[in-house]
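Novice: fold the following for me, if possible:
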Amino acid sequence: MIEQARAWLAAHQLGPGDRLGLALIDRPETVALIQAAWVSGVVLVPFNRRLDAQTLKEQAERAHLRAVVADAGHPLPGSAGFSLPAWATESDRGRLKPALPADDAEALVLFTSGTTGPAKAARIPRRAVQHAVTASCARLGLGPDDTWLGCLPLDHIAGIGNALRALHSGCRLVQHPRFDTDAVLHALDHERITGLSVVPTQLHRLVAAGRPWPATLRTILVGGAPLEPPLRAACIALGVAPRQTYGLSECCAMVTCQEAGADDDGCGTALPGVELRVVEGRIAVRGPTVFLGYDDGTGGPDADGWFTTGDHGALDAAGRLTVLGRREDLILSGGENVYPAQVEARLRALPGVAEALVVGLPDAEWGQIVAAVLVGTPGPIDFISLPGPWRPRAWRWVDELPRTPLGKPDRRAVLADAATFIRA
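Specialist: Just a heads-up that it's a prediction; the model follows:
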């Protein structure tokens, strides 16, 4: 199928350095196009179909596209560019042999999630893709005998990474059009799946089914948000220990990954060839996977090659990373630093609380107070077991947490609806 996709690119006169917008649904042909674009040197600019039309229009205007390939129904306005044929053959299980050097030429332009402001477009070079794919395949032990289940969106770096790891390792990729609990469980039972990538919300839904993991499954890769110890324990009880990762678009997805058999709750150590440090609480990354910068000329590594992320974290003596949260999420209450992720973990351990999302609200006395959005069984709740600065002074119950188009908890949406909180 990849040869068909390469021929399609050539027929539309798309070659090295040309930017191609992707307004596609997730299907095998999309996987083949991603793989063919890498081999052919075409720069991919994926557009998130969960965003609104106005946002997508603005992103497309900024991207300086040579062309757009679109599926019917995608919300990108005016996306009626080229259509992608339905190729009949199964996806190739070849090896990634780039036709172009793994240098600083662009490979991907990725719009970030924009959870703390307008999205920026991160320019990802070919050397970052090459190294990220090679290093992650080595850490995961992927090979031709593996079958990976893809249920993360192909307009996101995690889904694109699945497609390129399959090309590099020769493993089989079973791509689902979206995450559906029943469909994933069926695939696990019938497709001899050896690995899959999920976010914690998806893992929670799979674990809630209570079905032991099949004997073929050896890797459950979890990223995008913290993996809480109770969920990890529940997953292990079904037969497979999940492997937590830390990553971001600016570093071509995966930066760290737990080793197989790790028994801690962190995000593991850095991938081979990637350096990690924490300066004044902030995570910094150096190595070939770091991006070139944003489309507005900002960002990128400093003079020494370090890219300082917007995330807070800690490293132990073995180099294992624990992520504490984003810098913008940090709550300063009465002179104390409060990390929402730590409070959320404690709240989820309380009776009747299934999920929690924590933000800081302005307060004349404390500077900020901790406010919690809770999912579970509504009723009185006793926060006395939490350390003083962590105790919510405002809260409300909801049926489900607000989420960004990428499925991450949406703190901005909570702050915009702050008037609905009950205050102590």
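Novice: quick check: A60 is in a strand.
Specialist: No: per DSSP: H, G, I helix; E, B strand; the rest coil, A60 lies outside any strand segment and is helix.
Novice: wait, it touches N48, no?
Specialist: No: A60 lies out of contact with N48 (CB atoms under 8 Å); the separation is 11.7 Å. Backbone N, C-alpha and C define where each C-beta goes, glycine included.
Novice: with neighbour numbers in mind, choose between those two.
Specialist: Taking other CB atoms under 10 Å, A60 and N48 do not tie; N48 has more neighbours (23 against 19).
Novice: how does the protein divide into domains?
Specialist: 93-324, 330-423 (automatic domain parsing).
Novice: mind checking the SS state of E29?
Specialist: helix.
Novice: what's near enough to touch A67?
Specialist: Listed by CB atoms under 8 Å, 6 or more residues apart in numbering, the contact set of A67 reads H12, L14, D18, L20, G21, G81, F82.
Novice: can you flag the buried ones in these?
Specialist: By neighbour count, with 16 or more other CB atoms under 10 Å, the contacts of A67 hold H12, L14, D18, L20, G21, G81, F82 as buried.
Novice: of those, which is the nearest to W38?
Specialist: Taking CB to CB as the measure, W38 lies nearest L20 of those, at 11.6 Å.
Novice: please identify the helix or strand for that closest one.
Specialist: Assigned by DSSP states H and E, L20 belongs to strand 19-23.
Novice: try A354
Specialist: Taking DSSP H and E as the criterion, A354 maps to strand 353-363.
Novice: now for that strand, which elements pack on it?
Specialist: With contacts defined as 3 or more CB pairs under 8 Å, 6 or more residues apart in numbering; DSSP states H and E, the packing partners of strand 353-363 are strand 331-333, helix 340-348, strand 367-376, helix 411-416.
Novice: what's the closest non-adjacent residue to L56?
Specialist: L76 (4.4 Å; CB to CB, 6 or more residues apart in numbering).
Novice: for that neighbour, give me its contacts.
Specialist: G21, A23, F47, R49, A53, L56, K57, A60, V68, A70.
Novice: for D26, see how far away the fifth one is.
Specialist: Taken as CB to CB, to the nearest Å, the spacing of A53 relative to D26 amounts to 20 Å.
Novice: before we move on, back to that, from the buried ones among the contacts of A67, pick the one nearest H156.
Specialist: Nearest member of those to H156, counting by CB to CB, is G21, at 15.0 Å.
Novice: show me the contacts for V133.
Specialist: Contact analysis of V133 by CB under 8 Å, 6+ apart lists L96, G161, L164, R165, H168.
Novice: need those in a markdown table (columns: neighbour count).
Specialist: Shown next, in a markdown table, are the contacts of V133 (neighbours: other CB atoms under 10 Å):
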| residue | neighbour count |
| --- | --- |
| L96 | 19 |
| G161 | 24 |
| L164 | 26 |
| R165 | 26 |
| H168 | 21 |
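Novice: now, which of these lie within strands?
Specialist: Among the contacts of V133, DSSP state E puts none in strands.
Novice: quick check: of those residues, which lies closest to R348?
Specialist: Proximity of these to R348 (CB to CB) peaks at G161, which lies at 28.5 Å.
Novice: what's the pLDDT at that closest one?
Specialist: Confidence at G161, expressed as pLDDT, is 96.
Novice: any idea how far A107 is from it?
Specialist: G161 is 12 Å from A107, by CB to CB.
Novice: go on, W8?
Specialist: Look at W8 and A107: by CB to CB, they are 19 Å apart.
Novice: could you pull out the helices for the chain?
Specialist: With DSSP state H as the criterion, the chain has helices at 2-11, 28-40, 53-63, 126-140, 157-169, 181-190, 200-208, 229-237, 340-348, 411-416.
Novice: G299 touches A122, doesn't it?
Specialist: Yes: G299 lies in contact with A122 (CB under 8 Å); the separation is 7.3 Å.
Novice: identify the contacts common to these two.
Specialist: Residues touching both G299 and A122 (CB under 8 Å, 6+ apart): E250, F291, G293.
Novice: can you list the weak-confidence ranges in this protein?
Specialist: Counting by pLDDT under 70, the chain shows low-confidence ranges at 79-80, 88-99, 113-118, 405-407.
Novice: what residue of it is the furthest out?
Specialist: Relative to the C-alpha centroid of the chain, counting by CA atoms, centre = their mean, E365 is the outermost residue, at 37.2 Å.
Novice: what residues are up against it?
Specialist: E365 makes contact with no residue, according to CB under 8 Å, 6+ apart.
Novice: how near is it to G334?
Specialist: Distance from E365 to G334, by CB to CB: 8 Å.
Novice: can I get the contacts of A67 in TSV with distance to G266?
Specialist: Below are the contacts of A67 laid out as TSV (distance: CB to CB, whole Å):
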residue	distance to G266
H12	45
L14	42
D18	41
L20	38
G21	37
G81	44
F82	44
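Novice: what is the burial count for the nearest residue to P177 once chain neighbours are set aside?
Specialist: Of all residues not flanking P177 in the chain, D26 sits nearest, at 5.0 Å (CB to CB, 6+ apart). Neighbour count for D26, taken as other CB under 10 Å: 23.
Novice: then P144?
Specialist: Counted with other CB under 10 Å, residues neighbouring P144 total 11.
Novice: correct me, but it touches G170?
Specialist: Yes: P144 lies in contact with G170 (CB under 8 Å); the separation is 3.9 Å.
Novice: for the most centrally placed residue in the chain, give its distance to G273.
Specialist: The residue lying closest to the centre of the chain (CA atoms, centre = their mean) is G224, at 4.2 Å. Distance from G224 to G273, counting by CB to CB: 23 Å.
Novice: which of W8 and A107 has more residues huddled nearby?
Specialist: Shown here are W8 and A107; by other CB under 10 Å, A107 has more neighbours (26 against 19).
Novice: what's the spacing between the residue farthest from the centre of the chain and R412?
Specialist: E365 is 25 Å from R412, by CB to CB.
Novice: quick one: the strand holding A354 to chain centroid distance?
Specialist: Relative to its chain's centre, strand 353-363 lies at 22 Å (CA atoms, centre = their mean, to the nearest Å).
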